[in-house]
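Asks: predicted model and sequence below, questions to follow.
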Amino acid sequence: MSGRIGEASDTLLYLNGVSVSFDGFRALNNLSLVLAPGEMRAVIGPNGAGKTTMMDVITGKTRPDSGEVVFRADTDLTHLDEPAIAALGIGRKFQKPTVFEPHSVYDNLLLALAGNRTPRRALFARETAAERDRIAALLDTIRLTEHRHRRAGDLSHGQKQWLEIGMLLAQEPDLLLVDEPVAGMTDAETAETARLLREINRSKSVVVVEHDMDFVRALDVKVTVLHEGSVLSEGSIDHVSNDPKVIEVYLGR
Amino acid sequence: MRPSFATFAPPAFVLGGASLLVLGNVALAASSPWHVSIFVVSLAGKYLAYAILALALDLVWGYVGILSLGHAAFFALGGYAMGMYLMREIGTRGVYGNATLPDFMVFLNWTELPWYWYGFHHFAFAALMAVLVPGALALVFGFLAFRSRVSGVYLSIITQALTFALMLAFFRNNMGFGGNNGLTDFKDIIGLPLHADGTRDGLLLATALFLSIAFLCARFVVTSRLGKILIAVRDAESRTRFLGYRPESYKLFVFVLSAMIAGIGGALYVPQVGIINPGEFSPANSIEAVIWVAVGGRGTLAGAMLGAVLVNLGKTYFTSALPDVWLYALGALFILTTLFLPQGLIRIFARKPAVTASEIPAAKERPA
Ligand SMILES: Nc1ncnc2c1ncn2[C@@H]1O[C@H](COP(=O)(O)OP(=O)(O)OP(=O)(O)O)[C@@H](O)[C@H]1O
Ligand SMILES: [Mg+2]
């Protein structure tokens, strides 16, 4: 334990030898990863490399068979469930955009706003001016102000992705896990999303999983390449894209 | 809750309709073609009691997606609580003339009132139990089921098992609830003779009043922020978890509330039909309630109430005119509305969905 305390100040998230098997198949294989506070990290890797499973483990959806996941100095996330981990300040965007479809864009953000999550509070909650201001600012950030009264289910795919990022921000997490944010986006939307994530990264730590190499390049951050459940390569985008191992299993194909 | 048409129209219809029937019974001579017979008054009271059950079911099925196939159990428990009071009200007028023991206990050679019958000679106590017992059962059952994340078909099946188990238990004579005969031969309620027209008129009005109150409570819940969270849980449960909500506590809240409302329905039902027996726990009853809600309009509250009244009108007609056809007619109605009016009959009355939850996906895909 003492070794980790020493690292505490420059470590926000620490995955140490995490393994997960599904029916004997190793989705994560002794995976280790260190994320510094304020860092943005891009995670790439072929389909089935374990990227989503890694996020499942960090957010409490999947319990690892072995290994530890330490958040901040000393919180082991593997003993906590999803709402508890969310309350610690970890937000997550799903690979398939998931918003509350029958609700308006505005209400989606309202429900995501940080605050008391008990049924009793929700039953008597009245919208406050502070909440309205906060939502207005978020709508501006995710460029959906004009669409605030629309049913979220009627948004385009790209707009849903943004709404979900907006919901993530509304939670006010310290760490955002963003799974394939630009899947199904136009080039213009992709560029816009890269800009948005970099802006978010000014105040929050971010882990982005993405296949789109132009997007990853635009983020201009350290890249981790996953393959068969463990780290294959790590470094700048130029470093990993010139790594022969990476070219062989991922980029070269 | 904004004061709107959707909020006040259903209670207005219910209270207005019930008042007209009572007026037709009280104010018009029996010779008048507009006279409403006491039979019709009690029939209407029975339908409105069913509407309370439908409302309760819609709250959990329509808004959080819990398809309970055992909701009639809560209704029946409320009914038994009221039935126990009505039994004790009989007093010495029973066949055996025992002041404390109901007839069936004397018949079984019991000499003492079981402890769980204590207090039921007070109307207020029985009324409280009609709400608390279903609520407590829902609390325990829901706590265990939701905490272990039982959902979907599995949850439906265990709710069905719950009502089935209760039916078997209540059939047993030594449970102390009258076995398969149940509780019946009631004489009066809070001192008023049950066979008198005035009492029956009053019961109809009371049922209409409680249905209206239950509707307004349910409406307050579904239009609150909590209501929005319920719909979010229904459509994307895991999304709510990663946002920091605990879906199980939301489910538990509505499930308990719903069971308590259903219990009130049962308590109002029993004095009007004059009997409660284990048949009320029959799984088929719970399934019929699901059909009322589906036919009337799931996730609309008002639709569920409408469905309960219309389907039971149909049932009353068919079971006297064409008894063999009823189940087929019910099945056909269910299939036709599912195919051609998936939002239910309420759509005919209200073009706009009455509440926000009406866009119910037939089979919503859950996120990963
Ligand atoms: N709940 C599960 N049950 C069984 N197998 C699973 C489960 N979740 C993931 N897997 C398997 O684990 C492996 C890793 O999946 P994961 O979704 O983490 O990959 P990924 O890197 O996110 O891939 P993609 O780029 O396609 O999203 C895959 O082979 C997948 O089939
Ligand atoms: Mg994935």
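Replies: Thanks, I have it. Ligands and ions are numbered 1, 2, ... in the order given.
Asks: geometric centre of the chain: which residue is closest?
Replies: Let's take chain A. Central residue of chain A (CA atoms, centre = their mean): A:Leu177, 1.1 Å from the mean position.
Asks: chain B, not that one
Replies: Closest-to-mean residue, chain B, CA atoms, centre = their mean: B:Leu53 / 2.1 Å.
Asks: pretty sure that one sits against B:Ala76.
Replies: No - using CB atoms under 8 Å, B:Leu53 is not in contact with B:Ala76; the gap is 9.8 Å. (Each C-beta comes from the backbone N, C-alpha and C, glycine too.)
Asks: which residues do the two both contact?
Replies: Shared contacts of B:Leu53 and B:Ala76 (CB atoms under 8 Å, 6 or more residues apart in numbering or on different chains): B:Gly266.
Asks: A:Ala49 touches A:His227, doesn't it?
Replies: Yes - contact criterion CB under 8 Å: A:Ala49 and A:His227 qualify, at 5.4 Å.
Asks: what does the stretch 101-250 of chain A have sitting close to ligand 2?
Replies: With the criterion set to CB under 5 Å from the ion, the stretch 101-250 of chain A never comes near ligand 2.
Asks: for the stretch 101-250 of chain A, give me the ranges with low pLDDT.
Replies: For the stretch 101-250 of chain A, applying pLDDT under 70 flags no range at all.
Asks: in it, which residue sits nearest ligand 2?
Replies: A:Asp179 (5.9 Å; CB to the ion).
Asks: could I get the contacting residues of that residue?
Replies: Neighbour list for A:Asp179: A:Lys51, A:Thr52, A:Met55, A:Arg92, A:Lys93, A:Phe94, A:Gln95, A:Val209 [criterion: CB under 8 Å, 6+ apart].
Asks: CSV for these, including distance to B:Ala165, secondary structure and neighbour count?
Replies: Shown next, in CSV, are the contacts of A:Asp179 (distance: CB to CB, whole Å; DSSP: H, G, I helix; E, B strand; the rest coil; neighbours: other CB atoms under 10 Å in any protein chain shown):
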residue, distance to B:Ala165, secondary structure, neighbour count
A:Lys51, 46, helix, 25
A:Thr52, 41, helix, 19
A:Met55, 41, helix, 23
A:Arg92, 40, strand, 29
A:Lys93, 43, strand, 23
A:Phe94, 39, coil, 21
A:Gln95, 42, coil, 16
A:Val209, 47, strand, 24
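Asks: if I look at the nearest residue to B:Asp201 once chain neighbours are set aside, how far off is B:Ala208?
Replies: Nearest residue to B:Asp201, sequence neighbours excluded (CB to CB, 6 or more residues apart in numbering or on different chains): B:Val22, at 4.5 Å. Going from B:Val22 to B:Ala208 by CB to CB, to the nearest Å gives 9 Å.
Asks: do the same with A:Arg26
Replies: From A:Arg26 to B:Ala208 the distance is 64 Å (CB to CB).
Asks: over to B:Ala73?
Replies: From B:Ala73 to B:Ala208 the distance is 24 Å (CB to CB).
Asks: so between these two, which is more surrounded?
Replies: With neighbours defined as other CB atoms under 10 Å in any protein chain shown, B:Ala73 and B:Ala208 compare such that B:Ala73 has more, 33 against 25.
Asks: whatever helix or strand the residue nearest to the centre of chain B lives in: which residues count as buried?
Replies: Under the criterion DSSP states H and E, the helix or strand holding B:Leu53 is helix B:38-64. If you call a residue buried by 16 or more other CB atoms under 10 Å in any protein chain shown, then helix B:38-64 has these buried ones: B:38, B:41-64.
Asks: quick one: distance of that helix to the chain centre.
Replies: Averaged C-alpha coordinates place helix B:38-64 at 5 Å from its chain's average position (CA atoms, centre = their mean, to the nearest Å).
Asks: that one vs chain A: in contact?
Replies: No - Helix B:38-64 lies apart from chain A when judged by CB under 8 Å from any CB of the partner chain; the minimum separation is 10.9 Å.
Asks: so which elements touch that helix?
Replies: helix B:5-26, helix B:72-90, helix B:197-223, helix B:225-235, helix B:247-273, helix B:283-296, helix B:302-321 (3 or more CB pairs under 8 Å, 6 or more residues apart in numbering or on different chains; DSSP states H and E).
Asks: tell me the buried residues in the first one?
Replies: Within helix B:5-26, the residues that qualify as buried are B:Ala6, B:Thr7, B:Pro10, B:Pro11, B:Phe13, B:Val14, B:Ala18, B:Leu21, B:Val22, B:Gly24, B:Asn25, counting by 16+ other CB under 10 Å.
Asks: stretch A:169-185 spans what distance, first to last residue?
Replies: 20 Å (CA to CA, to the nearest Å).
Asks: any idea how far ligand 2 is from A:Gly45?
Replies: Distance, A:Gly45 to ligand 2, using CB to the ion, to the nearest Å: 9 Å.
Asks: still on that earlier bit, list the contacts for the residue nearest to the centre of chain B?
Replies: Applying CB under 8 Å, 6+ apart, we find B:Leu53 in contact with B:His71, B:Ala72, B:Phe75, B:Ala262, B:Gly265, B:Gly266, B:Ala289, B:Ala308.
Asks: burial check on the closest residue to A:Ala36 other than its chain neighbours, number of neighbours?
Replies: Nearest non-adjacent residue to A:Ala36, counting by CB to CB, 6+ apart: A:Asp10, 5.3 Å away. By other CB under 10 Å, the residues close to A:Asp10 number 11.
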